[in-house]
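>>> heads up, no residue letters with this:
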């Protein structure tokens, strides 16, 4: 699975569990951190955990286990690091605080039309 396929699989997994305002940014040309960032909001700490668990399982089942996971204990955000793809799941307040879309404003947004069922 190439990095773009991984990012789209993560976006689909988040969409399947009712993730909100899902965005995929192509960051490979502007940072060595990852080729893609997947960003999503959730309405509760329970949903953040459910989204993270399902996204992790989906990519693990596709042969792409995460290399690192952060934030499970805090409840306001979770980061799933799959090396080439980093998935960020936030509650609304944390998403506004970290404002990754602004921070990575030079990153190219990936068109998710036809990928997500909710948008």
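It's in. On a predicted model such as this, the values are computed, not experimentally measured, just so you know.

>>> Need phi/psi at residue 49.
Torsion angles at residue 49 (phi, psi; degrees, to the nearest 10) stand at phi -60, psi -40.

>>> what's the distance between it and residue 103?
According to C-beta to C-beta, to the nearest Å, residue 49 and residue 103 sit 25 Å apart. Where you see a C-beta, it was placed from the backbone N, CA and C, and this is true even at glycine.

>>> try residue 115
Taken as C-beta to C-beta, the span from residue 115 to residue 103 is 23 Å.

>>> Residue 2 now?
Counting by C-beta to C-beta, the gap from residue 2 to residue 103 is 25 Å.

>>> swap in residue 51?
21 Å.

>>> Which one's more surrounded, those two?
The residue with more neighbours, out of residue 51 and residue 103 and counting by other C-beta atoms under 10 Å, is residue 51; that gives 27 against 10.

>>> ok but that one is inside a strand, no?
No. Counting by DSSP: H, G, I helix; E, B strand; the rest coil, one finds residue 51 to be helix, located in no strand.

>>> wait, doesn't it sit right on residue 15?
No. Contact between residue 51 and residue 15 fails when scored by C-beta atoms under 8 Å: they sit 9.8 Å apart.

>>> Is it correct that residue 65 is in contact with residue 59?
Yes. Under the criterion of C-beta under 8 Å, residue 65 makes contact with residue 59 at 7.2 Å.

>>> mind listing the strands for this structure?
20-26, 36-42, 68-70, 77-81, 85-91, 108-109 (DSSP state E).

>>> Student question: in this protein, what's the helix or strand with minimum average pLDDT?
None of the helices or strands of the chain scores lower by mean pLDDT, DSSP states H and E than helix 100-103, at a mean of 92.

>>> That one - contacts with which helices or strands?
Where contact means 3 or more C-beta pairs under 8 Å, 6 or more residues apart in numbering; DSSP states H and E, helix 100-103 is packed against strand 20-26, strand 36-42.

>>> hey, which of those strands is tucked in deepest?
strand 36-42 (a mean of 25; mean count of other C-beta atoms under 10 Å).
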